[in-house]
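Chemist: I would like to see how this sequence folds:
(one chain, ligands or ions: 1)
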Amino acid sequence: MTNTQVTLVQLDNYGPWTVTPEPRREVDLQTLQSRLYADLSQLVGNRDGYVFFTRFDNMVAVTNGLDMEDHARLQESVRNRYPVTVSLGIGHGETPAGALVEATDRLQSAGSAQDAERREVLAGHPLDEDERTDDDVQIAHFDVNDATGEYTDELDAYSAFVHVEQAYASLMRHMHDTHDSLSFFVGGDNIIAVCPSLDRDAYAEAIDYVREDTGVDLKVGVGRGPAAHDAGMAAKHALEVCREEGLDIAGDAV
Ligand SMILES: Nc1nc2c(ncn2[C@@H]2O[C@H](COP(=O)(O)OP(=O)(O)OP(=O)(O)O)[C@@H](O)[C@H]2O)c(=O)[nH]1
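Modeler: You can find the predicted model right below:
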């Protein structure tokens, strides 16, 4: 059984800041957001977690292995480097979607994202060391079959992008609504889904669903591990097995 620890990262009072004292240059906001994401990715990644940029003002992290002190250090690091601060809500549970609901509840009950008084909240509790196991995290790395031949080398760049985004939208909704999973576009034609203990049939069904819904063919590698990094690496190796053996699904699906 998986036990995913999820942290919701929310920029404090960011909306008002973007227009105070007057609207800030968009390029500056884009630069700030992408640098902050890069720093968080590295800080969390150094502890074997993953961060997904999602909406940039809200980011979702898989933080199995990070304790309260690690979270507080993230906040300190952001405070020291950026003109904005972050609040963090931590949740955990058998399903990633459930864990994120818990993490979100913790932050929402501490105040609004646009509350000038709510700053650097650190809410919720990480897993205790003795609650952790070697297969708490299940990650499925989805990839479009022959994206280069079908889309990148065939269509104009915008049309290729639309195809990939449609597959992403279809998969993220299906995996969330049917399997309590959280799926994130990570670049190119790749989508990483953080899942509970799903079996091969669930992945086969997701691939069929996206094909019928959008016409895009996916394959998936699945990995398990004590933290996002281990599960994610196993998933990448499984995806290589898909490529070598011409499979749709490979790896650690139960
Ligand atoms: N974030 C991330 N992006 C990747 C990864 N592997 C490939 N990509 C991206 O995906 C793009 C397409 O690469 P591939 O998926 O290897 O190529 P493909 O044409 O789909 O070929 P097959 O996957 O073998 O069917 C690359 O240009 C990268 O942007 C990965 O592990 N992580």
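Chemist: Name the spans of this protein whose pLDDT lies under the cut-off.
Modeler: The model of the chain has pLDDT under 70 over residues 254.
Chemist: For the residue of it found nearest the ligand, give me its contacts.
Modeler: Nearest to the ligand in the chain, going by C-beta to the nearest ligand atom, is Gly188, at a distance of 2.3 Å. C-beta: built from backbone N, CA, C; applies to glycine. Counting by C-beta atoms under 8 Å, 6 or more residues apart in numbering, Gly188 touches Ala147, Val164.
Chemist: if you set the cut-off to 10 Å instead, what comes out?
Modeler: Going by C-beta atoms under 10 Å, 6 or more residues apart in numbering, Gly188 touches Asp143, Val144, Ala147, Thr148, Thr152, Val164.
Chemist: Gln30 against Thr18, yeah?
Modeler: No: the criterion here is C-beta atoms under 10 Å, and Gln30 misses it with Thr18 at 11.2 Å.
Chemist: Between these two, tell me which one has more neighbours.
Modeler: Thr18 (16 against 11; other C-beta atoms under 10 Å).
Chemist: ranges for the helices of the stretch 151-254 of the chain?
Modeler: Here the stretch 151-254 of the chain has its helices, by DSSP state H, counting those that start in this stretch, at 157-179, 200-214, 228-245.
Chemist: With only the CA atoms kept, save the last one in CSV.
Modeler: Output of helix 228-245 as CSV, limited to C-alpha atoms (Å, rounded to 0.1, in the frame of the first residue of the first chain):
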residue,chain,number,x,y,z
ALA,A,228,9.8,10.2,-5.4
HIS,A,229,13.3,10.0,-6.8
ASP,A,230,13.5,6.2,-6.4
ALA,A,231,10.1,5.6,-7.7
GLY,A,232,10.7,8.0,-10.6
MET,A,233,14.0,6.4,-11.6
ALA,A,234,12.4,3.0,-11.6
ALA,A,235,9.6,4.3,-13.8
LYS,A,236,12.2,5.8,-16.2
HIS,A,237,14.0,2.4,-16.5
ALA,A,238,10.6,0.7,-17.0
LEU,A,239,9.9,3.1,-19.9
GLU,A,240,13.2,2.1,-21.5
VAL,A,241,11.9,-1.5,-21.2
CYS,A,242,8.8,-0.4,-23.1
ARG,A,243,11.0,1.1,-25.8
GLU,A,244,13.2,-2.0,-26.1
GLU,A,245,10.5,-4.5,-26.1
